[in-house]
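Novice: Give me the fold of what follows.
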Amino acid sequence: MRPTRTLAAAISLLMLSGCHHQPAVPETPMPPNTILLSQMMRQLSAQPGAIEDVLHQLDPSLAPTGKRGPALLTPELLDKLRKQILGSDWQGLDRFPGWDMRKITASIDVLTHTVAKPTAPTPAASLLDLGPYSLNQSDTISLEQPSTLPPFTTEGIVAPLGHGITRGDGPNSLAPEHSESQRLAYILNRLAANQLDGVPHVNVLWNAERTPYLPEELIEDIIATGQTVTVTDTRYFANFAHFHFNGEDVMAPFWINTNLLIPNTNRPLLVPVAHAELEWHIRGPLLNADISYYFGIDGKAEWRTMDTLDQPWVLKRDAHTYTGDQAIEATRLAGLLTVAYQHLHIAHPELPFGGYFTLGVCQDGIAAIEKKLTGVTTLYPNTAREEFFSDTRDAEINTLIHSIPKDRENTVADPARVFGSLPIAPATTADRPSAFAVVAGASLPSDGPFDAVTIPGLASDLNLTYAAWRSGRLNKRHWLSSQTKITLLFGSIGLAAIWLALKTRHLFPQPSVQRKRR
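Specialist: Down below sits the predicted model:
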């Protein structure tokens, strides 16, 4: 090919880079009684004021209680969402936002550097739910009698927004034990706080010889008195909206661009961000309770109840199960993590969202505990900025947070952790898929490792990419920022102009000027 044609082709490729035609995002099949977020927004766009009402409710500060996973909407993301809705970009909305981790991190960092600093330090207990157990006085809490806390209620969890929309989820099968579960979550949070400087100690009365004053001591004594304690490392797809529209669930994943190429396509693999938590399941003649632990978008690293109903598409998988000494150790590490985050809140009250994302998302703490208990970490993404984890009082947690991989600036995801984070287990081998997968409690036949995923189009993308990864054929998308592309484009145009000028001068030389002989 001639140089001029080569140069022209290069310029054309640069101009077209990132603008490839994307195939239509499928809208079927869907789980029963479920619609896509785009389908809800399409209907609402005909109602005056409805779209702005919905966008207002997506503010993180208005998120309902229940699972507060890692889907954080910054002003930039909300603006993108608004533009897609007002521009009727329904295809884009069904893969919202579709950014890679570097772009998401940049969106958060803008807030971190521009948010106004508070005039007063953060109170030690402002980001820790303690219920009736004060942080300012010592106490002896009895677990020997049934809890007197209120039963499950949807107050503060489920709210009608008008326009046929409800936000928040009702009770699940664990709701009848809410009173016991809520009391245990409060108690474990308060026992963890015993390790904060200057905080009076509380103890717990239980059917054992001692009165525990640390979370792991209480779990150890609960096991010693014949209760079964199982701790699971559990993964879900994050539901960033928790919307219901005219009685139907609204499917609202938060999509991340992994920049892993789906085989036989020019498309990168987009995956819904996962939510990870540790769950304590206690059964026995003296106590029945179920609680979870994670760092959420409310800025709280703590034990919580887990009795709201998940929409079926979020799925669920127990990646690890810990019993006996490992269950006790998981409890100890969660307590230390609680203390470390309290120290971080006090030292850095200026961080937006209670430090969420800057200090990690729900995966970071769970990944750190997974690393300690199993020697590996399988969660993606992790976002904690390591420089914040430097308080000498939290040396063990600092070491664990520093030991797990981070994804803040990564443009291409680690496939092992992408697949490890999913709420469904892949096949045990690349060639032999799982025989059955569980969807909403029912076993369904599966021809591919991820066929139980009910988000339209995702199962096929996962199956293809997973098979390529396992066989060593997985390709990664070459990543260039928009600014880099523009720089290369204009640089190429400049070089072309210079080359053409020189070529023109060579083909049409200027006539030489002859000196007159005297």
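Novice: need the contact list for P160.
Specialist: The contact partners of P160, by Cβ atoms under 8 Å, 6 or more residues apart in numbering, come to T166. To be clear about C-beta, it is placed using only N, CA and C from the backbone, and glycine gets the same treatment.
Novice: residue boundaries of the helices in the stretch 51-200 of the chain?
Specialist: Under the criterion DSSP state H, counting those that start in this stretch, the stretch 51-200 of the chain carries helices at the ranges 75-86, 90-93, 101-114, 178-193.
Novice: Report all helices and strands that the last one contacts.
Specialist: For helix 178-193, the helices and strands in contact under the criterion 3 or more Cβ pairs under 8 Å, 6 or more residues apart in numbering; DSSP states H and E are strand 202-205, helix 215-224, strand 289-295, strand 301-305, helix 324-347.
Novice: Could you export the helices of the stretch 51-200 of the chain as JSON lines, including mean neighbour count?
Specialist: JSON lines is the format used below for the helices of the stretch 51-200 of the chain (neighbours: other Cβ atoms under 10 Å):
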{"stretch": "helix 75-86", "mean neighbour count": "17"}
{"stretch": "helix 90-93", "mean neighbour count": "19"}
{"stretch": "helix 101-114", "mean neighbour count": "17"}
{"stretch": "helix 178-193", "mean neighbour count": "24"}
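Novice: related to what we said a few turns ago, from the helices and strands packed on helix 178-193, which stretch is densest packed?
Specialist: Ranked by mean neighbour count, these are led by strand 301-305 with a mean of 27 (mean count of other Cβ atoms under 10 Å).
Novice: now the angle between helix 324-347 and that strand, please.
Specialist: For strand 301-305 against helix 324-347, the angle by axes from the mean of the first three to the mean of the last three Cα atoms, to 10 degrees is 120 degrees.
Novice: Give the partner strands of the helix or strand that strand 301-305 is followed by in its sheet and their orientations.
Specialist: As assigned by DSSP states H and E, the chain's next helix or strand after strand 301-305 is strand 317-322. Strand 317-322 has these partner strands in its sheet, going by DSSP bridges: strand 228-237 (antiparallel).
Novice: Quick check: buried residues in the strand it pairs with?
Specialist: 229-237 (16 or more other Cβ atoms under 10 Å).
Novice: Strands along the stretch 351-500 of the chain, start to end?
Specialist: 436-439, 442-445 (DSSP state E, counting those that start in this stretch).
Novice: Mean pLDDT for the helices and strands packed on helix 178-193 - can I get that in CSV?
Specialist: As requested, those are exported to CSV (pLDDT from 0 to 100):
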stretch, mean pLDDT
strand 202-205, 94
helix 215-224, 96
strand 289-295, 98
strand 301-305, 97
helix 324-347, 97
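Novice: Could you point out which of the ones you listed sits nearest W313?
Specialist: strand 289-295 (19.5 Å; Cβ to Cβ).
Novice: what angle separates that closest one from helix 178-193?
Specialist: Using the same axes, to 10 degrees: strand 289-295 against helix 178-193 is 50 degrees.
Novice: now for strand 289-295, which elements pack on it?
Specialist: Counting by 3+ Cβ pairs under 8 Å, 6+ apart, strand 289-295 packs on helix 178-193, strand 274-283, strand 301-305, helix 324-347, helix 362-374.
Novice: Between the ones you listed, which one is closest to Y466.
Specialist: Y466 lies closest to strand 274-283 among the helices and strands packed on strand 289-295, at 15.3 Å (Cβ to Cβ).
Novice: For the closest one, output the C-alpha coordinates as PDB.
Specialist: The C-alpha trace of strand 274-283 is given here as PDB (Å, rounded to 0.1, in the frame of the first residue of the first chain):
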ATOM      1  CA  ALA A 274     -21.800  -7.600  42.300                       C
ATOM      2  CA  HIS A 275     -22.700  -7.100  46.000                       C
ATOM      3  CA  ALA A 276     -20.800  -9.200  48.500                       C
ATOM      4  CA  GLU A 277     -21.400  -9.700  52.200                       C
ATOM      5  CA  LEU A 278     -20.700 -12.100  55.100                       C
ATOM      6  CA  GLU A 279     -23.800 -13.800  56.500                       C
ATOM      7  CA  TRP A 280     -24.200 -15.300  60.000                       C
ATOM      8  CA  HIS A 281     -26.900 -18.100  60.200                       C
ATOM      9  CA  ILE A 282     -27.500 -19.200  63.800                       C
ATOM     10  CA  ARG A 283     -29.800 -22.100  64.600                       C
END
